[in-house]
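Visitor: With the input below, show me the fold.
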Amino acid sequence: MHTMNMGQKHCTLCPRKCTVDRTKTSGYCGAKSVVRVARASLHMWEEPCISGQNGSGTIFFSGCPLKCVFCQNRSIALGSKGRKLTEVQLSELFLLLQEKGAENINLVTPTHFVPQIAEALGQAKAKKLTIPIVYNTSGYECVETLRMLDGLIDIYLPDMKYFSAQVSANYSNAPDYFEWASKALEEMVRQTGAAVFQKELMKQGVIVRHMVMPGCTKDSKAVIKYLYETYGNTIYMSIMNQYTPPEKMKNFPEISRCVTRREYEKVIDYAVDLGVENAFIQEGCTAKESFIPDFDDNVYLDEIIL
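Guide: Numbering: from 1, shown residues only. Here you go, the predicted model:
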């Protein structure tokens with residue numbers, strides 16, 4: 001396919017701009033140029049307007065340009081796990097998930113495979129893929145890469161993890177995180193425009209996720225303040241309490257615990273006081289390993305490959 005090597009022989013798809021020839025070796029993301037998918041499923045644990053009644057058709061891509069020290073999907077972030085798919089097979093997977101009743105196609109950590117995804121989406125849409133396409137990302141994106149998807153993505157679901165350069169340097173080796181994420185968000189909003197709902201389901205728009213981290217309520221407030229002052233209620237926020245520290249966090253003892261109820265409530269109260277209206281919040285204890293997908297369950301991938 002003509003897009004297979006686009007931007008990847010001297011890869012600059014993500015802000016790392018490692019310039020590796022990914023047709024031969026892995027980039028910072030841990031991935032070569034051939035698409036690897038770790039899991040495809042009907043996923044019920046997204047925001048209600050994304051999961052709906054039938055579940056979001058999630059496709060978890062292997063590898064990650066950010067690689068946070070607390071990554072919940074750490075088993076696939078290194079890039080070696082999963083099945084190799086051609087662009088034709090990826091397009092078939094989109095159509096299979098639609099056939100199974102998925103409310104949307106949810107592309108999880110897709111940044112480093114954008115050229116192949118764009119090609120596969122084009123093929124699938126030509127074969128009557130009609131459900132919304134969700135781009136589910138860490139937020140660490142290049143505007144130029146996002147522009148390859150202009151007209152193909154209906155819903156952007158980015159994180160806005162950090163405001164502080166020090167915090168993002170400590171936990172994601174990315175002191176420039178906010179600089180890139182804020183520019184990327186501007187492009188996402190430009191592409192989708194205002195949110196559109198059909199009954200309870202989002203069909204178009206942007207939901208920005210922010211996960212409150214232990215000891216980081218000041219940074220969380222800064223993120224929410226920026227989002228609200230910049231976009232008001234034209235975007236939706238999803239303020240999350242599900243931070244789940246990996247078992248081995250000896251080098252980061254300050255974040256080796258869950259977020260307390262008080263920490264989370266302080267952030268929610270701050271958002272309410274600011275005037276935030278369009279926001280999802282989490283109740284109860286969501287910081288459990290059971291919310292992390294089983295990456296060994298690959299029934300839908302088996303159907304495509306076999």
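Visitor: Please list all residues in contact with residue 234.
Guide: 189, 194-195 (C-beta atoms under 8 Å, 6 or more residues apart in numbering). Backbone N, C-alpha and C define where each C-beta goes, glycine included.
Visitor: So it versus residue 153, what's the distance?
Guide: Computed as C-beta to C-beta, to the nearest Å, the residue 234 to residue 153 distance reads 17 Å.
Visitor: for residue 205, same thing?
Guide: Taking C-beta to C-beta, one finds residue 205 at 11 Å from residue 153.
Visitor: and residue 156, bridged to which residues?
Guide: Here residue 156 sits in beta bridges with residue 135, residue 206, going by DSSP bridges.
Visitor: if we can go back for a sec, please pick the buried ones from the contacts of residue 234.
Guide: 189, 195 (16 or more other C-beta atoms under 10 Å).
Visitor: Give me the lowest-pLDDT entry from the contacts of residue 234.
Guide: Within the contacts of residue 234, the minimum per-residue pLDDT falls on residue 194 (91).
Visitor: ok, residue 203 - how many residues close by?
Guide: Look at residue 203: counted by other C-beta atoms under 10 Å, it has 16 neighbours.
Visitor: Now do the same for it: helix, strand or coil?
Guide: Under the three-state scheme (DSSP: H, G, I helix; E, B strand; the rest coil), residue 203 adopts strand.
Visitor: what do you get for residue 187?
Guide: Residue 187 is classified as helix under three-state DSSP.
Visitor: can I assume it is in contact with residue 143?
Guide: Yes: the pair residue 187 and residue 143 passes the contact test of C-beta atoms under 8 Å, sitting 4.7 Å apart.
Visitor: just the strands in the protein please.
Guide: The residue ranges that make up the strands of the chain, judged by DSSP state E, are 35-43, 56-61, 83-85, 105-108, 133-137, 155-158, 196-198, 201-211, 236-240, 279-281.
Visitor: sorry, back to before: same drill for residue 187 and residue 143, tell me which one is more crowded.
Guide: Neighbour comparison, residue 187 and residue 143: the larger count goes to residue 187, with 19 against 13 (by other C-beta under 10 Å).
Visitor: and the more buried one, what is it in contact with?
Guide: Residue 187 makes contact with 143, 146-147, according to C-beta under 8 Å, 6+ apart.
Visitor: Where does the prediction get shaky in this structure?
Guide: Under the criterion pLDDT under 70, the flagged ranges of the chain are 1-7, 284-299, 304-306.
Visitor: what's the burial count for residue 111?
Guide: Counted by other C-beta under 10 Å, the residues lying close to residue 111 total 28.
Visitor: Report the central residue of the chain.
Guide: residue 137 (2.3 Å; C-alpha atoms, centre = their mean).
Visitor: mind listing what the residue nearest to that one when sequence neighbours are not counted touches?
Guide: Beyond its immediate neighbours in the sequence, the residue positioned closest to residue 137 (C-beta to C-beta, 6 or more residues apart in numbering) is residue 158, lying 5.0 Å away. With C-beta under 8 Å, 6+ apart as the criterion, the residues that contact residue 158 are 135-139, 141, 181, 184-185, 188, 206, 208-209.
Visitor: Try it again at 7 Å.
Guide: With contacts taken as C-beta atoms under 7 Å, 6 or more residues apart in numbering, residue 158 has the following neighbours: 137, 139, 184-185, 188, 208.
Visitor: now swap in residue 111 and tell me
Guide: Residue 111 makes contacts with 13-14, 65, 137, 141, 145, as judged by C-beta under 7 Å, 6+ apart.
Visitor: Restricted to helices, list the residues you listed.
Guide: Secondary structure defined by DSSP state H assigns residue 145 of these to helices.
Visitor: any chance of the contacts of residue 111 in CSV, with distance to residue 25 too?
Guide: CSV is the format used below for the contacts of residue 111 (distance: C-beta to C-beta, whole Å):
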residue, distance to residue 25
13, 15
14, 16
65, 16
137, 24
141, 23
145, 20
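Visitor: surely residue 14 meets residue 144?
Guide: No: the pair residue 14 and residue 144 fails to qualify as a contact (C-beta atoms under 7 Å) at a distance of 10.5 Å.
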